[in-house]
Each structure stands twice: as C-alpha cells, then as structure tokens.
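# Provided below are the primary sequence and the corresponding predicted coordinates.
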Amino acid sequence: GENVEQHPSTLSVQEGDSAVIKCTYSDSASNYFPWYKQELGKGPQLIIDIRSNVGEKKDQRIAVTLNKTAKHFSLHITETQPEDSAVYFCAALTGANNLFFGTGTRLTVIP
Amino acid sequence: NAGVTQTPKFQVLKTGQSMTLQCAQDMNHNSMYWYRQDPGMGLRLIYYSASEGTTDKGEVPNGYNVSRLNKREFSLRLESAAPSQTSVYFCASCSGTGANEKLFFGSGTQLSVL
C-alpha cells in the first residue's frame, strides 16, 4: 500500500518567516494530494490540495508544490502569523482511491 | 449549518464495555468516514460508507462495527472495548460518492479505555 512520510515532525519559526513541510509518497499512481490543518481540540480542516497534473498551486500565503518524478510534495507558508500555529497533515490518494495521511507536523509561530 | 457533528466529545470506558459513537452531517454529503488518530501515526481509516446503504472496511477495522443509518448519520460501535482502542476518533464526510477528496471533519471524540 501507500506510504506517506512527513518531515519535520515539529517546526518553530519566527513570525513573518516562511515555513516548509515536506512529504514523500511511494505509490506512483497517487494522483491527489491534500493538506489539512488541525488546531488544538478541533478536527482537521482542508487548506489546499493539488492534483498530479499540476506542479504548483497557490492560495494567498500558502502554496503547494509537487514533484511527480521524485514523488514528493511540499507545503509552503509565507509571512507566518501566530494563527498559523497548528498541526499540519499531508495526504496522498492512491489509484485505488485510498487516502493515506502523513504523521503530522506541529508548527509553532513565535511572536 | 453545523457541518459534521460528533457525540460524545469525551468518553471513558472500562475494558469489555461497549459504546456507540454518533456522527451526523447536514451538508447532504454522500460519503462518510471514521478515522482514529494516535500520537505519531497520523489519521487511519477504520470504516467508510461511500453512499447510503453501503459500508466498507478501511485500514484498521478490527474491533469496530459501523452503521449508515441514513444519508445524514454514520455510527461507530465498539462491542468490547480494549485499551488499544484508546484514541481520538474523527468522523468525516465528503460530497462525492467514495471520492475521498475534500473531507470535512467533525471535532472528534476522545476515548479512553481503562
């Protein structure tokens, strides 16, 4: 089955700096890659997603890049703010329509 | 429009007890899911229902049963709880039929089995 690895597990940045979280996947047939943000005591919330026919997608301060050849994708958050502090999960949807999640990254933005 | 509502928010069980976690969505979504979240392991799929009247096993179904009561409601039952089932449980839904995309999650149920 699919194996999604996510790094780093924790990340601390100064407010205003950029944050980058990276994920790799093993199933070359995976075709959809969402990112979820989970705030304390809440369920995960979809913040951005990308399909395998696109290399990059941007939504205001967040962007996702995908390298199909290397089988990795990344989340980029620019001009970080304290409200960006949360746990972020990547995921990959396989060709068999199974969604596998990474183990999460706890991002702390220091004011 | 409440989205996905889960009850209860917290529960403590003794080993061997049974309980049902309730989930309801008001977005007219076709697909519903139950995940468990454990430290360092991300989210793992227990069971899902691609449409009303169907249910299928996910990655970690052992020890659980589900019921898709109607389009809105999808319950998860632990018949004989074990300490290994201590976890945070999340229900989710999406509009597609078994699409697994753009999931909406509830706020979770924190379950402890002693």
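On my side now, so go ahead. Source: prediction; values computed, not measured.

# hey, let's count contacts and neighbours off CA atoms from now on
Fine.

# Which pLDDT value belongs to residue 25?
By default, I'm working from chain A. For residue A:25, the pLDDT comes out at 96.

# other chain: chain B
97.

# Just confirm it contacts residue B:73, I think it does.
Yes - Residue B:25 is within contact range of residue B:73, at 6.7 Å (criterion: CA atoms under 8 Å).

# of the two, who's got more company?
More crowded of residue B:25 and residue B:73, by other CA atoms under 10 Å in any protein chain shown: residue B:25, with 25 against 18.

# what's the spacing between that one and chain A?
As judged by CA to the nearest CA, to the nearest Å, residue B:25 and chain A stand 14 Å apart.

# Not counting its neighbours along the chain, what's nearest that residue?
Ranked by CA to CA, 6 or more residues apart in numbering or on different chains and with sequence neighbours excluded, the top spatial neighbour of residue B:25 is residue B:4, at 4.4 Å.

# Now do the strands in chain B.
Assigned by DSSP state E, the strands in chain B fall at B:4-7, B:10-13, B:19-25, B:31-37, B:43-49, B:56-57, B:64-68, B:74-78, B:87-94, B:104-105, B:109-113.

# I'd guessed residue B:52 sits against residue B:74; true?
No - at 9.3 Å, residue B:52 does not count as touching residue B:74 under the criterion of CA under 8 Å.

# now stretch A:48-68, how far from the chain's geometric center?
How far stretch A:48-68 lies from its chain's middle: 10 Å, per CA atoms, centre = their mean, to the nearest Å.

# Render the CA-only coordinates of it in CSV, please.
This file holds the C-alpha atoms of stretch A:48-68, laid out as CSV (Å, rounded to 0.1, in the frame of the first residue of the first chain):
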residue,chain,number,x,y,z
ILE,A,48,-5.1,23.4,0.0
ASP,A,49,-4.9,20.5,-2.4
ILE,A,50,-3.2,19.7,-5.7
ARG,A,51,-3.7,17.1,-8.4
SER,A,52,-1.0,15.2,-10.2
ASN,A,53,-1.4,17.1,-13.4
VAL,A,54,-0.3,20.4,-11.7
GLY,A,55,3.2,21.3,-10.4
GLU,A,56,2.3,24.1,-8.1
LYS,A,57,-0.8,25.7,-6.6
LYS,A,58,-1.0,28.9,-4.5
ASP,A,59,-3.7,30.4,-2.3
GLN,A,60,-2.7,33.7,-0.7
ARG,A,61,0.1,32.9,1.8
ILE,A,62,0.1,29.1,1.3
ALA,A,63,1.4,27.1,-1.7
VAL,A,64,1.9,23.5,-2.5
THR,A,65,4.5,22.1,-4.9
LEU,A,66,4.5,18.6,-6.4
ASN,A,67,7.4,16.7,-8.0
LYS,A,68,5.9,13.6,-9.5
